[in-house]
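In: Sequence first, predicted model second:
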Amino acid sequence: MGQKAKIVKGSGGFGGPLTIGVNGKRNKLMYITGGHKPAIVDKICDITGAEPVNGFETSVPEDEIMAAVIDCGGTLRCGIYPQKGIPTINIMATGKSGPLRQYITEDIYVSNVDVEQVSVAGEESDRAAVTEAHTETKEEQEQKATYSKDKKIMETRAEQENKSVLTKIGLAAGKVINTFYQASRDAVETMLHTVIPFMGFVALLIGIIQGSGIGDLFANVMSPLGGNIWGLLAIGFICSLPFLSPLLGPGGVIGQVLGTLIGVEIGKGNIPPNLALPALFAINTQNAADFIPVGLGLAEAETKTIEVGVPSVLYSRFLNGVPRVFVAWLASFGLYK
C-alpha cells in the first residue's frame with residue numbers, strides 16, 4: 001500500500017507500460033466499465049492505496065483522478081482520458097482507434113489488462129527518470145545556440161522576437177499549407193483506421209453468416225421477431241433495459257451484429273424491407289448507454305448531477321425505447337412499395 005503500480009499490456013494489447021501511484025490530490029482510481037468493478041481495480045488500489053470510484057455512480061474532478069479504467073471497444077472513451085492527460089487502462093484489447101486516436105500513445109494508455117498485468121513497480125522507473133532529466137538538461141544547453149540540430153531554420157526563426165517581413169510571410173504561408181496538409185492526413189487516417197476496418201468487419205460478418213449456415217438458423221429464430229412489429233418491440237424492450245443496456249453498448253458491437261444479420265435476411269426476402277426502419281431503432285436503443293457518465297463529464301457536470309443524471313438517462317432510454325420503435329413502424333408504411 002502506498003507504492004506505485006506497474007501496468008503492462010496483455011496479449012494483443014497496445015501501449016504501456018504505465019507506472020501510476022497516488023500523487024497529492026490525485027488519489028482516486030475511476031472505473032467506467034458498465035457498472036461492474038473489474039478485478040484489476042482492487043489490485044491497483046491495494047498496491048497504490050488509491051480510492052476506487054465508480055464513474056457510473058459519481059464524478060471526480062480531473063485533478064483528483066490518478067488513472068481511469070475503461071472497457072471501450074474503440075469509440076470515444078479510449079481517447080477521452082488520454083486527451084486530458086489521465087493515464088488510461090483499458091480491459092479490452094483496443095489499440096489506436098476512434099476519433100481521438102491521436103491522443104492514444106504508449107506513455108499514457110495501455111489495453112487488454114487483467115490482474116496478471118498489474119504488479120508493484122520497481123526502481124527501474126526512477127533510474128529512467130533520472131536519465132531522462134540529464135538528457136533534457138543536455139538538450140537545453142544545445143538549444144542555446146543560434147540554430148539547433150533538432151529544428152528547421154524556419155522553426156528557429158519563428159521563435160525569434162524580431163522577425164523580418166519575408167520571415168512573417170513565409171511563416172504564414174507555411175501555416176496555411178500545413179493546415180490543409182494536416183486536414184488531408186486526418187481524413188486519410190480516419191478512412192484507414194475507422195471506416196475501412198468497419199467495412200471489413202461487416203464484410204466478414206456477412207461472409208460468416210452466408211457461408212456457415214448461421215443465417216439460416218438466425219432466420220428461423222429471428223423471423224418471428226424481426227418479421228413483425230411485436231417482435232421488434234420485444235427487441236427494443238430488451239435492449240433498453242437499464243441494467244442491460246450499459247453492457248450491450250460498448251463498441252456498438254451488438255447493434256452491428258444484429259443489424260448485419262437482419263440486413264442479410266431482408267436481402268434474402270425473409271423479412272419485409274419496410275421493417276428496416278423500425279428494426280434500426282429496435283437494435284440501437286442501447287447505443288452509447290455506457291458513455292453517459294463520460295458525456296456528462298465532458299459537459300463539466302457536477303458530481304451530484306452525474307449521480308442523478310446517469311440513472312435518469314438510462315430510465316429515459318427505457319421509457320422511450322419501445323414507443324420510438326412503434327413510431328418508426330408507423331413511419332415505415334409505404335416504404336419500398
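Out: On my side now, so go ahead.
In: Touching, K6 and P17? I think so.
Out: Yes: with contact defined as CB atoms under 8 Å, K6 counts as touching P17 (5.7 Å). Yep, even glycine has a C-beta here, placed from its N, CA and C like the rest.
In: Compare neighbour counts for the two and give me the winner.
Out: Neighbour count, other CB atoms under 10 Å: between K6 and P17, K6 has more, with 20 against 16.
In: That one sits in which helix or strand?
Out: strand 5-7 (DSSP states H and E).
In: Quick check: what element follows that strand along the chain?
Out: strand 18-20.
In: That following strand - contacts with which helices or strands?
Out: When contacts are defined as 3 or more CB pairs under 8 Å, 6 or more residues apart in numbering; DSSP states H and E, strand 18-20 packs onto strand 5-7, strand 65-70.
In: which regions of the stretch 1-150 of the chain sit below the pLDDT cut-off?
Out: Within the stretch 1-150 of the chain, the ranges that satisfy pLDDT under 70 run 1, 34-35, 73-76, 123-150.
In: In it, mark out all the strands, start to finish.
Out: 5-7, 18-20, 28-32, 51-54, 65-70, 88-90, 109-111, 118-120 (DSSP state E, counting those that start in this stretch).
In: Name the stretch among those that sits most buried.
Out: Counting by mean count of other CB atoms under 10 Å, strand 88-90 has the highest mean neighbour count of the strands of the stretch 1-150 of the chain, with a mean of 28.
In: so which strand or helix has L241?
Out: Using DSSP H and E, L241 maps to neither a helix nor a strand.
In: how about the strands of the stretch 1-150 of the chain in JSON lines, adding distance to K268?
Out: What follows is the strands of the stretch 1-150 of the chain, written out as JSON lines (distance: least, CB to CB, whole Å):
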{"stretch": "strand 5-7", "distance to K268": "47"}
{"stretch": "strand 18-20", "distance to K268": "48"}
{"stretch": "strand 28-32", "distance to K268": "39"}
{"stretch": "strand 51-54", "distance to K268": "44"}
{"stretch": "strand 65-70", "distance to K268": "38"}
{"stretch": "strand 88-90", "distance to K268": "38"}
{"stretch": "strand 109-111", "distance to K268": "38"}
{"stretch": "strand 118-120", "distance to K268": "48"}
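In: between those strands, which one is nearest to L204?
Out: Closest to L204 of those, according to CB to CB: strand 109-111, at 21.4 Å.
In: Residues in contact with that closest one: which ones?
Out: Residues external to strand 109-111 that are found in contact with it (CB atoms under 8 Å, 6 or more residues apart in numbering): 7-10, 13-18, 78, 82, 87-95, 117.
In: Weed out the non-buried ones from those residues.
Out: Buried residues within those, counting neighbours by 16 or more other CB atoms under 10 Å: 7-10, 13-18, 78, 82, 87-95, 117.
In: Tell me which residues touch P311, please.
Out: Neighbours of P311 in contact, by CB under 8 Å, 6+ apart: P242.
In: what do you get for G321?
Out: Applying CB under 8 Å, 6+ apart to G321 gives the contacts 236-237, 239-240, 285.
In: Name the helix or strand for it, please.
Out: Using DSSP H and E, G321 maps to helix 303-331.
In: in that helix, what counts as buried?
Out: Going by 16+ other CB under 10 Å, helix 303-331 has these buried residues: 306-307, 309-310, 313-314, 317-318, 321-322, 324-325, 328-329.
In: how about those, which pair is most distant?
Out: Between all members of those, the farthest pair (by CB to CB) comes out as E307 and W329, at 35.6 Å.
In: So which of the contacts of G321 is the closest to T190?
Out: T190 lies nearest to T285 out of these, by CB to CB, at 27.2 Å.
In: Please work out how many residues are found near the closest one.
Out: Using other CB under 10 Å, T285 has 25 neighbouring residues.
In: Next one, pLDDT for it please.
Out: T285 carries a pLDDT value of 80.
In: can you check the one 4 residues further on too?
Out: Per-residue confidence for A289 comes out at a pLDDT of 74.
In: Next one: G2 from A121, what distance?
Out: Per CB to CB, to the nearest Å, G2 is found 12 Å from A121.
In: Quick one: mean pLDDT over the helix holding G321.
Out: 85.
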